[in-house]
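In: What shape does this take:
(one chain, ligands or ions: 3)
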Amino acid sequence: MNRIVLGAFGALVLLAVGLFWLQGRAEVEAGAPPPVAPSPRPTGLPSADVAGLEGPAPPEATELSREQRRFFRYDRDRDLKITRAEMLSTRTDAFRDLDADGNNLLTFEEWAVTTAQRFDSADTDGNRELTQKEFATTAPRPSSTPRCNC
Ligand SMILES: [Ca+2]
Ligand SMILES: [Ca+2]
Ligand SMILES: [Ca+2]
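Out: Numbering: from 1, shown residues only. Ligands and ions are numbered 1, 2, ... in the order given. Take a look at the predicted model:
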């Protein structure tokens with residue numbers, strides 16, 4: 001008999017807790033602000049009245065002076081100093097073109113290669129001398145573009 005009373009009492013306690021929980025939840029929902037209605041979305045393209053307004057100027061690179069450009073042509077590592085090697089490096093390709101055997105020494109024959117080749121091509125009989133007729137073939141060709149008489 002005690003068990004039945006104790007079970008009924010437990011069921012009543014659980015029922016009371018459930019009612020209390022439901023009532024509290026209902027009060028929280030009643031105290032909440034009403035839901036905000038979503039604002040209507042604009043249907044047209046966005047626009048603004050910008051008459052009389054001026055935006056900031058876009059960034060621009062500063063123009064280097066002619067002397068600065070010449071300086072940076074030599075200053076390969078951009079340390080704002082030109083070493084002797086940097087200054088002479090512009091001549092390296094031309095030197096290597098002349099140094100036919102690649103020994104980093106320039107003989108007279110290597111240095112005068114253009115003239116030597118011109119002599120060899122003009123010396124048609126191969127006797128290591130040029131006649132007037134052979135020498136005439138070494139004359140520079142007239143330029144196809146007219147010279148300016150400015
Ligand atoms: Ca440098
Ligand atoms: Ca050489
Ligand atoms: Ca000859």
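In: What are the boundaries of the helices in this protein?
Out: Counting by DSSP state H, the chain has helices at residues 2-31, 66-74, 84-88, 92-98, 108-111, 113-122, 132-136.
In: right, and those - which one's nearest G55?
Out: Smallest distance to G55 across those (CB to CB): 30.5 Å, for helix 66-74. C-beta coordinates here come from the backbone N, C-alpha and C atoms, glycine included.
In: And ligand 1, is the closest one touching that?
Out: No - contact of helix 66-74 with ligand 1 (CB under 5 Å from the ion) is absent, the minimum separation being 7.6 Å.
In: Around ligand 3, which positions in the protein sit nearby?
Out: Residues of the chain lying near ligand 3 by CB under 5 Å from the ion: 123, 125, 127, 129.
In: and the residue nearest in space to the middle of the chain, backbone torsions?
Out: In the chain, the centroid-proximal residue (CA atoms, centre = their mean) is A61; its distance is 14.1 Å. Main-chain dihedrals, A61, degrees, to the nearest 10: phi -70, psi 140.
In: Many thanks, have a good one.
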